[in-house]
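**Q** Only the shape, not the letters, is given here:
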């Protein structure tokens, strides 16, 4: 019985720790591989801080660029910001999220690669 209690305690502690504990921001992009035209969902998990002003999220390939910026209300901002990039053409994308502080100064940056494959229809 104590083994279960210890396991439960470890799981509870792990689940309640902030994503990327000790990091200002983590990013998850889904799907990592998709057929064109692709819709990508980017979730940025941001630790609460009074200095947080905005998060800029960019999806960029050699032939395509799209970006979005979400304003943040410091430590009162939601912990997760979600952006959807729709109808991305084929290419290897770098999705980059940058956490911005006062005056637009970068506070943290995270990157993830995504592959959008041309569909069999010849797009």
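**A** Structure's in. What do you need? A quick note: this is a predicted structure, and the numbers were derived from the prediction, not measured.

**Q** From the contact counts, what lies against the longest strand along the chain?
**A** Taking DSSP state E as the assignment, the strand of the chain that covers the most residues is strand 106-117. Using 3 or more Cβ pairs under 8 Å, 6 or more residues apart in numbering; DSSP states H and E as the contact definition, the elements that strand 106-117 packs against are strand 25-30, strand 33-35, strand 38-46, strand 91-100. Using the backbone N, CA and C atoms, a C-beta is placed for each residue, glycine as well.

**Q** Packing partners of the longest one?
**A** When contacts are defined as 3+ Cβ pairs under 8 Å, 6+ apart, strand 91-100 packs onto strand 25-30, strand 38-46, strand 54-60, strand 106-117.

**Q** Make JSON lines out of the ones you listed and add mean pLDDT and distance to residue 97.
**A** Output for those, formatted as JSON lines (pLDDT from 0 to 100; distance: least, Cβ to Cβ, whole Å):
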{"stretch": "strand 25-30", "mean pLDDT": "97", "distance to residue 97": "5"}
{"stretch": "strand 38-46", "mean pLDDT": "97", "distance to residue 97": "5"}
{"stretch": "strand 54-60", "mean pLDDT": "98", "distance to residue 97": "5"}
{"stretch": "strand 106-117", "mean pLDDT": "97", "distance to residue 97": "5"}
